[in-house]
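**Q** give me a 3D structure for the following:
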Amino acid sequence: MTRDMTVLDLDELRAITHGQPYPLLFVTVSGAHLYGFPSRDSDVDLRGAHLLPIEEVVGLRTGRATIDTSWEQAGAEIDLVTHDAFKFFRLLLSRNGYVLEQLLSPIVVSGSPAYEELRALGPDTVTRHHAHHYRGFAQTQRRMFEKSGELKPLLYTFRAYLTGVHLMRSGALSAHLPTLAGLVPEAPGYLGELIAAKTAGEHRAATGVGPDRERLDADLAVLEAALEEARASTRLPERPGAENAVHDLLVRLRTGR
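**A** Below is the predicted model:
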């Protein structure tokens, strides 16, 4: 019998992450559990960063910049992806919303002092250009919805737009769709219905749930316009303010200072 994965056992997940080839700076939960609409059979997406030893950075035999490992446990798939600190830090200083969400995820499986330091720097890595990430992600997920007709990519579309709008307006990151529905005035009122239907089945079709297609298209157009307006008027900077501090942290991690 497949276990109900709407509720996570963090102690169990922490035990699963043991035995990785390199020290882990942190592991957090991403995906549907972070976004607020996991179903009973949702995969568990674990994301984080590891630290390569200095000899696998400066020598001829370099270590793995990205490690992707999957398990199946009680019928549920668990996927752990970590990047070496250099790669993760570089992504964080770009307009990559994925790694920002991973760093700031409230569902923490394991951490370290370096993680706490980096997490504190996270808000100061946000720029106005993160709007491009969220618009691009929303558009990609919408195309997936057009092809599959499933609720999952549709909810990912709404989540990306709302995260981007809220981030541009407030400078604060939220990836949790039920919370965002109450924070962004343009969020349509039927999101709760869509979320409830998705949590009842991972690959539930959107047919018969929520608004008709004309209303749906109109609401998504409103959110895309809201994201562009928020980007144009945001007070977020052009460049991340934490760039020097992130650099210094990486040097200290590599050198053991």
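
**Q** enumerate every residue touching residue 135.
**A** 160-161, 164, 224, 227-228 (C-beta atoms under 8 Å, 6 or more residues apart in numbering). C-beta: built from backbone N, CA, C; applies to glycine.

**Q** ok, those residues vs residue 29, which is closest?
**A** Minimum distance to residue 29 across the contacts of residue 135 is 17.9 Å, recorded for residue 160 (C-beta to C-beta).

**Q** roughly how far apart are that closest one and residue 142?
**A** Distance of residue 160 to residue 142, computed by C-beta to C-beta, to the nearest Å: 9 Å.

**Q** quick one: which of the two has more around it?
**A** Neighbours were counted for residue 160 and for residue 142 using other C-beta atoms under 10 Å; residue 160 has more, 26 against 20.

**Q** so that one, which of the three states?
**A** Three-state assignment for residue 160 (DSSP: H, G, I helix; E, B strand; the rest coil): helix.

**Q** what number of residues lie near the nearest residue to it once chain neighbours are set aside?
**A** Computed as C-beta to C-beta, 6 or more residues apart in numbering, the closest residue to residue 160 that is not its neighbour in sequence is residue 138, at 3.8 Å. Residues lying near residue 138 (other C-beta under 10 Å) number 23.

**Q** mind listing what's buried in the helix or strand where residue 138 lies?
**A** Using DSSP states H and E, residue 138 maps to helix 130-148. Under the neighbour-count criterion of 16 or more other C-beta atoms under 10 Å, helix 130-148 has 130-131, 133-135, 137-138, 141-142, 144-145 buried.

**Q** quick one, domains of this structure?
**A** According to automatic domain parsing, the chain comprises the domains 10-123+239-255, 130-233.

**Q** redo those domains as JSON lines? Include mean pLDDT.
**A** Shown next, in JSON lines, are the domains of the chain (pLDDT from 0 to 100):
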{"stretch": "domain 10-123+239-255", "mean pLDDT": "94"}
{"stretch": "domain 130-233", "mean pLDDT": "96"}
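
**Q** which residues in the stretch 101-250 of the chain form strands?
**A** Ranges of strands in the stretch 101-250 of the chain, per DSSP state E, counting those that start in this stretch, are 108-110.

**Q** got a list of what residue 51 touches?
**A** Per C-beta under 8 Å, 6+ apart, neighbours of residue 51: 22-25, 84-85, 114, 253-254.

**Q** count of neighbours near residue 17?
**A** Neighbours of residue 17 (other C-beta under 10 Å): 17.

**Q** tell me if I'm right that it and residue 44 touch.
**A** No - the criterion here is C-beta atoms under 8 Å, and residue 17 misses it with residue 44 at 11.3 Å.

**Q** contacting residues around residue 211?
**A** Contacts for residue 211 (C-beta under 8 Å, 6+ apart) come out as 188, 190, 219.

**Q** and for residue 62?
**A** Residue 62 makes contact with 52, 56, according to C-beta under 8 Å, 6+ apart.

**Q** could you rerun that using 6 Å?
**A** By C-beta atoms under 6 Å, 6 or more residues apart in numbering, the residues touching residue 62 are residue 56.

**Q** with residue 59 instead?
**A** Under the criterion of C-beta under 6 Å, 6+ apart, the contact list for residue 59 is empty.

**Q** how close does it sit to residue 23?
**A** Distance of residue 59 to residue 23, given as C-beta to C-beta: 18 Å.
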